[in-house]
Each structure stands twice: as structure tokens, then as C-alpha cells.
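1. I would like to see how this sequence folds:
(chains A and B)
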Amino acid sequence: MLAAIGVKSIEDLFADVPAGVRFPALNLPGPQSEMETLRELMELASANADAQASPCFLGAGAYNHYSPSIVNHMILRGEFLTAYTPYQPEVSQGTLQAIFEYQSMVAALTGMEVANASHYDGATSMAEAVIMAVAHGREKRRKVLISPAVHPHYRAVVRTYTQGMRLTITGDERQQATLSDLAAQLDGDTALLIVQSPNFFGQIEDLAGLADKVHAAGALLCVAADPISLGMLQPPGRMGADIVVGEGQSLGIPMSYGGPYLGFFATRKDFVRRMAGRLVGETKDKNGQRGYVLTLSTREQHIKRERATSNICTNQGLMALAATVYMEAMGKHGLRRVAELCWHKSHYAAAEIGLLPGFAVVGDRPFFKEFVVRCPEPAGPSSVGVAELNRHLYDEHGLIGGYDLGQDYAHLAGHMLLCVTEMNSRDDIDTLVQALSEFGA
Amino acid sequence: MNYPADLKYTRTDEWVRAAGASATAGITDYAQEALSDIVYVELPQVGDSFKQGEAYSSVESVKAAAEVNLPVGGAITAVNTALAAAPEVINKDPYGAGWIAQFTLSDAGELAGLMDAAAYAQYCESRKQ
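-> Now for the predicted structure:
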């Protein structure tokens, strides 16, 4: 083969790469057996604090919920274990059925008419909502209003995703802006208004009347929601949302240091042609038996190409399957029970922490499973205080503490976002309260 | 293949039927056959203005999506809302019930640059070979 293409050796193929970096000495350790390698990796891994060994009160977008063992068992089955939707989808009826069930449950949970086969994560789902809304406004409306109480990472991803599209993403410049402030900025140029509920601070936003204001301006309303919270809260679809997005990791997917996660995306039937990604539908075959098809196939590749709303075709097949098995294993009542446990346990924790001298639970809105705590004034700059507090919690009590809000919100320096789920026992919570009281004293 | 004599045609397979200052537009028999089963038509909004050759609608079939250009510049006065529920009408009757939009001409002189039925028929035949 080398002779056929006219070179002498494999090395000649790399002649274009500068000699100095062509074959660098990699300075790697010698070979190890599998057993030795595993031992080394386990030692490295043990340097991490993980939610299995340490009670975790950290949330802020990635949540420690219980994943029943049936979830892992099902997704590891050979028939399912691939990250991709098959490219000849109709031969994989089982995969299509799982996606159809996923879509149906997401639609029911969010109170929407239709849900797609999923996106990479909650943040990319939100970015797709922006693109869809701009396309819906025939690209004439160029402004997107986003609440400062939307997860800071989501807002960053939306801006990254849409750069070069000549859109104005605004509304979150003032970090304490309320939904009324946001609604006051609606105008004829606004394509979409985005809120999150429960918001980044765990608080349940008052969405009553918001959709009417948004629609009166000719814009669409996108609500980002925590799917576990929808086990007990009114679905955004019933509050007039046009698009509901969110992070599906809570639905039986481990936190895994940030991924793979699952972005869910639900909307109204009217917008389905503008929706990115895939949509699986149920139909009947020629014998009248139930079967599944890609009702809207990988349109970006096959049909619309450069005219497509989005270039995203991939869905998170395996993670969507995990969420499907989770929702089916939990059922309607199980999901409600998980939501109630989160609610009660977090409210117990907040009540106890609120009694500690130097600490205060901040916020005037009801919250779901996360809440903001003002920590005692430390000697140095206040953001150092939260980091110090977290170090104390971990070193002295083996607890994973809360999120330092001063990193993203200047006015919340010295404030911590704590999360309590069904995974935190009463003992864990009491240990946390005790540990905090030592720090406050 | 059908090429009604009272219409003018574009090289991108749209037709226009002008009557005084107003006109009706759609896609040709050749276009609907090339696209095959049409499943969705995106309609413009009444009041929107387009230049000659500018995309005012898009048609999606099971095989492809195509933009539909306005044969001569104008402002939309009516859209065929029946296509939302029954887009396949374009396949059945592209020059009649399958019309897409009515509009007022901004410059009737632009019609002169379009093909007549005979020229368009020849253009379609040439592409079949």
C-alpha cells in the first residue's frame, strides 16, 4: 500500500508535521497489569469526595437522587446499550418504543403536547428553545429575555450557542431583577422570555399571568423545570408555557462529575416543525399491529439540511432510556413521593439551620429542595467564608457542603445554596446542623 | 405534465397568475412531482413584503424541504390557510386549490422577465433528460 501511494514508510506520512513535535518522547511509566492499573485508578479516585461515601448537600444543577437498580440493569442490556439512535431506526422497534415512552412521559410531566427524543443536557435544551423561538418569529424578533435566576451555566451556554446569530440575550444584567422587571422589558422585538422554576436558588417562581404578558407581546415563554419537582408542582404547560426544558439527570442518572446528562424539551404541537432533534411516533403496520416510526426523522441531515432550525440531530439515547426506566419504575405516585421527601426534608433542614445563631435562610418565595443560607460574617472576604465553611464540613464531619453563590452573584457573597433530597437521612441533616453550629460559634 | 398558458413561470419552478395589480402564486406541477408527497407548507404572514425571487414560503415533503420564492416583488394580501390541514392539495392541484399566496405587485414590469408556458415546458423537458 505504501508503494502504491509513493511513500517509503509510515513515518513519511507525517512529514508535514514539524519534526520537533512529530515523535516526541512521551515519558510514560512502564506497562502494568490490569490488576495494578485498577489499583492505581482506585487510589486516584479515592482522592475525590463522592456522594456515596459522604452525605451530600450540594445541588446547583446536578442532583443526588436515588436510582433504583433496575435502571442500571436495563440500560446495560445488549439490545439497548448504545449512545446513538439507530440510523435505520424502524428496524429497532424496541429503541423506538423506549423513546416513544420517554417522550410521552416527559410531555405528561411538563403538561405539554409533544416532547422530542432529548438533547445533550438541560443547558443545550434551553439554547435550542432560543433558536426555535427565533425561527418561530421568522427571525425578525432578535431579543431574548432571560431571568438572572436561571442557572448561570445555562445562561453562559445559551450565549455561547447563539453567538454569531446577532441575537440580544438580555434581562440578567442586573442580578436581582425580578420576573416583573423582566416582563417590563417585553417588546415587539422579543422572541422568547426564559425563566426557571424552581429557579437556581431553589425558589418556586410565581408564573401566574406571566404567559399572558409574554403572549401579548407576541413572544414565547420558555420555562426550565426540575423534573422531580413536577412530581408535586403544577406543570409549566398548565401555566401557559410554550416550551418546557430542563435537566433530566435527576431521573435516575448518576451525577458522574458532570455527565453524560439528559436535556428534555417539550412544546406545543404548533411548533413541532421548528423543533430540533427527533420525534418518534406510534402507528400501525400493514397487519394493523402497533409499531413505531420516526415521525420527524433526523430532519437536519436528511430533509432540511442548511435550512434546518438547528444542526443538532443526536439525542442522548442511553440517558433517555435511563430516565424512561426510572419514571416507569417510580410511577406517578413514586415520583410524587420522591418530590414530597425532597420538600419535607429540605424544609426540615432549613428550619433547623434558620435557628442557628449567625445563619439565616434567605428568600421570600416558597422553595422546593434547595434554599439559600446566609453564613456568619467571616474575617476575610466573604466568599472565602463559604469555602472555609465547606472545608470544615468535609474535614471535620465528612459532609459535602453547599454551593458558594458568591462565585456567580456579587450580592450573594457569603451565601450558600444547600440542597436536600430523599438521599439525605435525618441523621445526615442533624449532623449538618450540628457542624454548622460549630462554625457559627 | 401540465403548463397552463395563462401563467408565468420562474426557473426555480414557481408560477404566478397576474390580474391587474394583484396576483396569485404557487409551485408548479414539475416542482410538486419532484418533491413527491408534500407534508407541510410554511405560509407567510399577510402584510409581509418580498422582493422578486425572495423566499416567502417553504414546502416540506417526505423527501426534502424547499424554499418557495415570490416570482415578482409584492406584499402578501392572502394566504391559503387550507394548506395547513391539507398540504397534499399542492400535489393534487398545484395551479388551482394548491395556490400558496395572493399579493399585490410592486412592479408589474418584473413579469416580463419570467417564462411563458411554452418556454417553461421546454425548460422542464430539458431537465428530464
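2. C-alpha only now, for contacts and for neighbours.
-> Noted.
3. any idea how far A:Thr37 is from A:Asn48?
-> Per Cα to Cα, to the nearest Å, A:Thr37 is found 18 Å from A:Asn48.
4. same check on A:Gly334?
-> 32 Å.
5. ok, these two, which is more surrounded?
-> Comparing A:Gly334 with A:Asn48 by other Cα atoms under 10 Å in any protein chain shown, the one with more neighbours is A:Gly334, at 15 against 9.
6. which ones are touching that one?
-> For A:Gly334, no residue meets the contact criterion (Cα atoms under 8 Å, 6 or more residues apart in numbering or on different chains).
7. check A:Tyr409 too.
-> Contacts of A:Tyr409 (Cα under 8 Å, 6+ apart): A:Gln175.
8. what's the burial count for residue 17?
-> All of this refers to chain A. Using other Cα under 10 Å, A:Val17 has 10 other residues around it.
9. hmm, I had chain B in mind actually
-> 20.
10. wait, a helix at it?
-> No - checked against DSSP: H, G, I helix; E, B strand; the rest coil, B:Arg17 lies outside a helix; its state is strand.
11. measure the residue of the stretch 51-200 of chain A found nearest chain B to A:Ala219 for me?
-> At 9.2 Å from chain B, A:Arg138 is the closest residue in the stretch 51-200 of chain A, using Cα to the nearest Cα. Counting by Cα to Cα, the separation of A:Arg138 from A:Ala219 is 12 Å.
12. same drill for those two, tell me which one is more crowded.
-> A direct count of neighbours by other Cα under 10 Å for A:Arg138 and A:Ala219 places A:Ala219 higher, at 27 against 13.
13. and the helices in the stretch 1-150 of chain A?
-> Taking DSSP state H, counting those that start in this stretch, the helices of the stretch 1-150 of chain A run over residues A:2-5, A:19-22, A:34-45, A:69-75, A:93-110, A:122-136.
14. alpha carbons only: can I get the fifth one in CSV?
-> Once non-C-alpha atoms are left out, helix A:93-110 reads as follows in CSV (Å, rounded to 0.1, in the frame of the first residue of the first chain):
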residue,chain,number,x,y,z
GLN,A,93,-38.6,-1.2,17.3
GLY,A,94,-37.5,-1.6,20.9
THR,A,95,-35.4,1.5,20.9
LEU,A,96,-38.2,3.5,19.2
GLN,A,97,-40.7,2.2,21.7
ALA,A,98,-38.5,3.3,24.6
ILE,A,99,-38.1,6.8,23.0
PHE,A,100,-41.8,7.0,22.4
GLU,A,101,-42.5,6.2,26.1
TYR,A,102,-39.9,8.7,27.2
GLN,A,103,-41.5,11.4,25.0
SER,A,104,-44.9,10.6,26.3
MET,A,105,-43.9,10.7,29.9
VAL,A,106,-42.0,14.0,29.5
ALA,A,107,-45.0,15.5,27.8
ALA,A,108,-47.3,14.4,30.6
LEU,A,109,-44.8,15.6,33.3
THR,A,110,-44.4,19.0,31.8
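15. what mean pLDDT would you report for it?
-> Per-region confidence: helix A:93-110 scores 95 on mean pLDDT.
16. circling back to that earlier point, need the winner for burial among the helices of the stretch 1-150 of chain A.
-> helix A:122-136 (a mean of 26; mean count of other Cα atoms under 10 Å in any protein chain shown).
17. and for residue 112, the neighbour number?
-> Reading this off chain A. A:Met112 has 24 nearby residues by other Cα under 10 Å.
18. um, chain B though
-> 10.
19. may I have the phi/psi pair for it?
-> Dihedral angles of B:Ala112 (phi, psi; degrees, to the nearest 10) stand at phi -60, psi -30.
20. how near is it to chain A?
-> 30 Å (Cα to the nearest Cα, to the nearest Å).
21. spit out the contact partners of that residue.
-> No contacts exist for B:Ala112 under Cα under 8 Å, 6+ apart.
22. got it, and A:Gln203?
-> By Cα under 8 Å, 6+ apart, the neighbours of A:Gln203 are A:Ser197, A:Gly363, A:Arg365, A:Pro366, A:Phe367, A:Phe368, A:Glu370, A:Phe371.
23. can you tell me the closest non-neighbouring residue to it?
-> A:Phe367 (4.1 Å; Cα to Cα, 6 or more residues apart in numbering or on different chains).
24. can you tell me the SS state at the residue nearest the centre of chain B?
-> Central residue of chain B (Cα atoms, centre = their mean): B:Gly26, 2.3 Å from the mean position. For B:Gly26, the assignment made with three-state DSSP gives strand.
25. that one touches B:Val16, doesn't it?
-> Yes - using Cα atoms under 8 Å, B:Gly26 is in contact with B:Val16, at 6.8 Å.
26. if we can go back for a sec, A:Ile204: which of the helices of the stretch 1-150 of chain A is closest?
-> Closest of those to A:Ile204 is helix A:93-110, at 15.1 Å (criterion: Cα to Cα).
27. and that closest one, what does it pack against?
-> Contact here means 3 or more Cα pairs under 8 Å, 6 or more residues apart in numbering or on different chains; DSSP states H and E; on that basis helix A:93-110 packs against strand A:114-115, strand A:263-267, strand A:279-284, strand A:290-296, helix A:317-354.
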